[in-house]
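Trainee: Okay, predicted coordinates and the sequence, questions at the end:
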Amino acid sequence: MSRAPRAQGARRSWGTDDSATPVLHVDMDAFFASVELLEHPELRGRPLIVGGQDGRGVVSAASYEARAYGVNSAMPMARAHRLCPQAVVLPVRHGHYGAVSARVMEVLAEVTPLLEQVSIDEAFLDVSGARRRMGTPVQVATWIRSQIRQRVGVPASVGVAATKFVAKLASSHAKPDGLLLVPAHATQDFLDVLPVGAMWGVGERTAAALERWGITDVRTLAATDVRTLERILGQAAAHHLADLSHGIDPRPVTTSRQEKSVGTETTFFDNLTDHEQARLVLLDQCHQCAARLRARALRSRVVVLKARGADFVTVTRSRTLPASTDLARDVWQTVSALFEALPVPPGGYRLLGVRLEGLERGEDGIQLSLDEDPRRGAPERAADAVRRRWGPGSLAPASLLGTGRRPPPGR
């Protein structure tokens, strides 16, 4: 059950010295739900779920009132209904959330050009250059939260720390609607009390491997010799976690990130054993990835299929295309062939995913085939236009409509 919300503007700190904490992580609280409340203020204080309709799909966002009943993002809608039958359910509106996100980023851009947006609802800022104009990092964070609330109308939590990793952890502990400072000198004290699962790169399997060696919190992790960690996790993961456990994160805030891949994957709540259902999932993922390529004016030359069985064995297969593409029909042709060549794992599939790599931009001078028909992509580009106007659910491949065989829910 989630924590009860603190009063707006609440601030916590592991100390008072923020002179060496120039990194801010701004994280919007239950962003989709908060945006919906702007148009539905009568729902404030009531459990609100943003997600699939008619019990289908998964939860995209849940208000803190809904979270108090155990509802969380990525949960199947059917289960969310059982946990909180009185919740109000609203459909997902990605375009609207993107517009509100742009307004939030405009506020952040007034602080510093060293702004790194990492998703629709979170960003890092390096405010070292804004101190003379705006004050200490905590004063900057307070101004940001106030301006987002006044000008956009949604709450934001902010973590202030010396590194990106610790700032992100601080913002998550400041939720909901709070501010948390972790001074540089208090970084180790802050990290020591956290479970190892709070570390970037520690999933269920890594946490279980560490627990078998009695390593369940960051204090113990930091005190463990790196050679022991290498025996448990391998060299790369061992050094990565050893650094993080001591608050070492040399990554700077970067203002632009070159996209290296576009992908999506689904982890199923119940292992998927139906072969045709698995193909539907992959077909849907191919269309999602291709649409994202077209929206970014990108094309891909490498198609990657990822599959994880019920035994947690993960297999990836890739194929380089003879020519780059941004069309789902080309991606699906390759993914389908890769999938049919895979051995069926005992117990079915736990995860399926599609990733497109080898990205090229139009301005880079993409070499097209001499016999390529420019009309090949017309149907998919027309579908893009329809979805932009009428919403993402307004049009889909015939294989995914009217058959009663929809892609199964996942997270």
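Mentor: Done, it's in.

Trainee: quick one: R317 and S336 touch, right?
Mentor: No: at 11.8 Å, R317 does not count as touching S336 under the criterion of Cβ atoms under 8 Å. C-beta here means a position set from N, CA and C on the backbone, and glycine is covered the same way.

Trainee: any common contacting residues for those two?
Mentor: Counting by Cβ atoms under 8 Å, 6 or more residues apart in numbering, R317 and S336 have no common neighbour.

Trainee: Specify the local secondary structure of R350.
Mentor: Under DSSP: H, G, I helix; E, B strand; the rest coil, the three-state class of R350 is strand.

Trainee: how near is it to T136?
Mentor: Distance, R350 to T136, by Cβ to Cβ, to the nearest Å: 47 Å.

Trainee: Also G52?
Mentor: 44 Å.

Trainee: now do T314
Mentor: Applying Cβ to Cβ to T314 and T136 gives a distance of 46 Å.

Trainee: Between those two, point out the one with more neighbours.
Mentor: For T314 versus T136, neighbours defined as other Cβ atoms under 10 Å are more numerous around T136 (19 against 13).

Trainee: Quick one: the helices in the stretch 151-300 of the chain, in order.
Mentor: Counting by DSSP state H, counting those that start in this stretch, one finds helices in the stretch 151-300 of the chain at the ranges 164-174, 187-192, 204-211, 218-223, 226-233, 235-245, 275-295.

Trainee: Need the residues that contact the fourth one.
Mentor: I take that to be helix 218-223. By Cβ under 8 Å, 6+ apart, helix 218-223 touches 188, 191-196, 198-199, 210, 214-215, 229, 241-242, 245-246.

Trainee: Narrow these to those that are buried.
Mentor: L191, L194, V196, A198, M199, L210, I215, L229, L241, A242, S245 (16 or more other Cβ atoms under 10 Å).

Trainee: got CSV for those residues, with distance to A223 and pLDDT too?
Mentor: Putting the buried ones among the contacts of helix 218-223 into CSV (distance: Cβ to Cβ, whole Å; pLDDT from 0 to 100) gives the following:
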residue, distance to A223, pLDDT
L191, 12, 96
L194, 14, 94
V196, 12, 92
A198, 16, 89
M199, 14, 87
L210, 13, 94
I215, 9, 94
L229, 11, 93
L241, 13, 92
A242, 10, 94
S245, 9, 94
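
Trainee: thought L283 was touching W332?
Mentor: Yes: using Cβ under 8 Å, L283 is in contact with W332, at 5.8 Å.

Trainee: neighbour count winner among these two?
Mentor: Set side by side, L283 and W332 show more neighbours around W332, with 24 against 21, by other Cβ under 10 Å.

Trainee: give the contact list for the nearest residue to the more buried one once chain neighbours are set aside.
Mentor: In space, and not counting its chain neighbours, W332 is closest to C286: 4.3 Å by Cβ to Cβ, 6 or more residues apart in numbering. Contacts for C286 were tallied using Cβ under 8 Å, 6+ apart; they are A328, V331, W332, V335, V354.

Trainee: What residues are bridge-paired with the residue nearest to the spatial centre of the chain?
Mentor: Central residue of the chain (Cα atoms, centre = their mean): S119, 6.7 Å from the mean position. Note on S119: beta-bridge partners by DSSP bridges are E122.

Trainee: ok so, going back, now, the contacts of C286 that are in helices?
Mentor: A328, V331, W332, V335 (DSSP state H).

Trainee: What sits closest to the first one if chain neighbours are left out?
Mentor: Across the structure, with Cβ to Cβ, 6+ apart as the measure, the residue nearest A328 apart from its sequence neighbours is A290 (3.9 Å).

Trainee: my guess is V354 contacts T266, does it?
Mentor: No: the pair V354 / T266 is not scored as a contact, 9.8 Å apart, by Cβ under 8 Å.

Trainee: what do the two both touch?
Mentor: Q285.

Trainee: and the gap between the residue nearest to the centre of the chain and H25?
Mentor: 11 Å.

Trainee: what's the answer for F31, then?
Mentor: Distance check for F31 against H25: by Cβ to Cβ, it reads 14 Å.

Trainee: Compare neighbour counts for those two and give me the winner.
Mentor: Higher neighbour count among F31 and H25: H25, with 28 against 23, using other Cβ under 10 Å.

Trainee: what about the nearest residue to that one once chain neighbours are set aside, neighbour count?
Mentor: Leaving aside its sequence neighbours, H25 sits nearest to A167 (Cβ to Cβ, 6+ apart; 3.9 Å). Per other Cβ under 10 Å, the neighbour tally for A167 reads 30.

Trainee: G178 contacts S157, doesn't it?
Mentor: Yes: using Cβ under 8 Å, G178 makes contact with S157 at a distance of 5.3 Å.

Trainee: how close does the residue nearest to A78 when sequence neighbours are not counted get to P85?
Mentor: Taking Cβ to Cβ, 6+ apart, and ignoring the residues beside it in sequence, A78 has G55 as its nearest neighbour in space, at 4.9 Å. According to Cβ to Cβ, G55 stands 11 Å off from P85.
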